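S.K.: give me a 3D structure for the following:
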Amino acid sequence: MAAILTRMRCLYIFNRMGICLHYHVWFRPLTTLSPQQDQKLMFGLLFSLRSFTNKMDPTSNNKGNLGVPQLPGQGCSFHSFTTNTYKLSFMETPSGIKKMSYLDGNCSAI
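M.R.: Below is the predicted model:
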């Protein structure tokens, strides 16, 4: 557990309405935004990626409109993506709680 926390940079937990329930920063080299702006941008990124993956879902005949909210478990979803500097992991519970963890780029998924 300690090895995971040393590689974890930020943790976000959102409810189904997009309100941040928990936000914790362990390591952030640059801080340019307020915590509220950071939380809003991260939820926007999550919403956009979920909408995009639902639209690109190869198993669904009904694609719906891009940007329309989906129910938990509906359509296709992403679990993580990696850049050269960080990895973002995502998990959603059946009740709509969304957990996002912002990790060091060399860390495996949690």
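S.K.: which parts of the top helix by length along the chain are buried?
M.R.: Counting residues, the longest helix in the chain under DSSP state H turns out to be helix 35-55. For helix 35-55, burial by neighbour count (16 or more other Cβ atoms under 10 Å) applies to Asp38, Gln39, Met42, Phe43, Leu46, Phe47, Arg50, Ser51, Asn54, Lys55. (Each C-beta comes from the backbone N, C-alpha and C, glycine too.)
S.K.: as CSV, these with distance to Tyr23 would be great.
M.R.: Below are these laid out as CSV (distance: Cβ to Cβ, whole Å):
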residue, distance to Tyr23
Asp38, 8
Gln39, 6
Met42, 9
Phe43, 11
Leu46, 14
Phe47, 17
Arg50, 19
Ser51, 23
Asn54, 26
Lys55, 29
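S.K.: pick the one among those residues closest to His22.
M.R.: Gln39 (10.1 Å; Cβ to Cβ).
S.K.: verify the stated contact: that closest one with Leu11.
M.R.: No - counting by Cβ atoms under 8 Å, Gln39 does not reach Leu11; the two are 11.3 Å apart.
S.K.: joint contacts of those two?
M.R.: Residues touching both Gln39 and Leu11 (Cβ atoms under 8 Å, 6 or more residues apart in numbering): Tyr23.
S.K.: show me where the protein has helices.
M.R.: Using DSSP H, the helices of the chain run over 2-7, 35-55.
S.K.: and the ones you listed, which one is worst for confidence?
M.R.: If the helices of the chain are sorted by mean pLDDT, helix 2-7 sits at the bottom with a mean of 53.
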